[in-house]
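Colleague: okay, sequence plus prediction incoming.
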Amino acid sequence: MRVKAAFNKYSRVGSMNGYSGAQAARMLLDRAGLHHVDVVQTAGLLSDHYNPVSKQLALSEKVYHGTSVASIGIAAHEAGHALQDATNYGPLRLRSKMVPLCSIGNTLGYFVMVLGIILLSASGGVGIGKTVVYVGAGLFSLVLLFQLVTLPVEFDATKRAKQIVVDAGIIYPEERHGMDKVLGAAAMTYVAALVTTLLTLAYYLMRVALASRD
């Protein structure tokens, strides 16, 4: 809600130079010598992302065409990921390698934990249920690990974005306030996701502890 509110507010604040998000991204990529990275439009709201495999920087429609400080900020953030990729930024490489593990943990982990709790309840706190919950928690922990690695990747991309748009003359320093608000709100979504995963793990492990005590 905070990201959408910030984007909606500052998407109505046009940049003085009038560059669109797509133009800003292209300028930043070319400035860094990344002419091989394509800037494309993708469907969805705030579905912007950089794909290090296909070397594509995908911007949602409002960001791609928008000339607001919000659109430029998001485009610059994604360009920051492309710069990370070009400089072999360690956390980004690690995160890319962890994507398959995260998918497994996210798909199976929660299901296995729930199954374990059901078995634990059916057996009165004894039997294999506890082990099943621990296995599920181990799988779900892969999601937590992925999110931990994601934090420095996202915060670094935001830091780069705030600097390169000014250095490139795309926006002026006095226009940075709105952009910073949007990117700051977006960065906090990754923190919120990590906390949610941590609380989910704590909840199921607490259920096991209570069942064992009973």
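Modeller: Structure's in. What do you need?
Colleague: all strands of this protein, in order?
Modeller: Using DSSP state E, the strands of the chain run over 38-42, 49-51, 56-60.
Colleague: neighbours of residue 32, how many?
Modeller: 16 (other CB atoms under 10 Å). All C-beta atoms are positioned from the backbone trio N, CA, C, and that covers glycine.
Colleague: got the phi/psi numbers for it?
Modeller: Per-residue torsions, residue 32: phi -90, psi 0 (degrees, to the nearest 10).
Colleague: relative to residue 167, how far out is it?
Modeller: 11 Å (CB to CB, to the nearest Å).
Colleague: residue 38 now?
Modeller: For residue 38, the distance to residue 167 - CB to CB - is 23 Å.
Colleague: okay, these two: which has more neighbours?
Modeller: residue 38 (13 against 9).
Colleague: what sits against residue 46?
Modeller: By CB atoms under 8 Å, 6 or more residues apart in numbering, the contact list for residue 46 reads 3, 4, 7, 60, 63, 74.
Colleague: make a ChimeraX selection of the buried ones in those.
Modeller: Remark: buried members of those, expressed as a ChimeraX selection using 16 or more other CB atoms under 10 Å:
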select :3,7,60,63,74
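Colleague: so who does the residue nearest the centre of the chain touch?
Modeller: A centroid search over the chain (CA atoms, centre = their mean) returns residue 190, at 5.7 Å, as the residue closest to the centre. By CB under 8 Å, 6+ apart, the contact set of residue 190 is 147, 150, 151, 154.
Colleague: what is the neighbour count of the third one?
Modeller: Put plainly, it is residue 151. Using other CB under 10 Å, residue 151 is surrounded by 16 other residues.
Colleague: and if you look at the last one?
Modeller: As a burial measure, residue 154 scores 22 neighbours (other CB under 10 Å).
Colleague: and it, how far from residue 205?
Modeller: Using CB to CB, residue 154 is found at 27 Å from residue 205.
Colleague: what of residue 59?
Modeller: Distance check for residue 59 against residue 205: by CB to CB, it reads 40 Å.
Colleague: between these two, who's got more neighbours?
Modeller: residue 59 (27 against 14).
Colleague: what sits against that one?
Modeller: 21, 22, 25, 39, 40, 41, 42, 48, 74, 75, 78.
Colleague: got it, and residue 29?
Modeller: Here residue 29 is in contact with 35, 37, 39, 57, 79, 82 (CB under 8 Å, 6+ apart).
Colleague: pull out the buried residues from those residues.
Modeller: The neighbour count (16+ other CB under 10 Å) marks 37, 39, 57, 79, 82 as buried among those.
Colleague: output these as TSV; include the columns pLDDT and distance to residue 120.
Modeller: Shown next, in TSV, are these (pLDDT from 0 to 100; distance: CB to CB, whole Å):
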residue	pLDDT	distance to residue 120
37	97	50
39	97	51
57	97	47
79	96	49
82	96	47
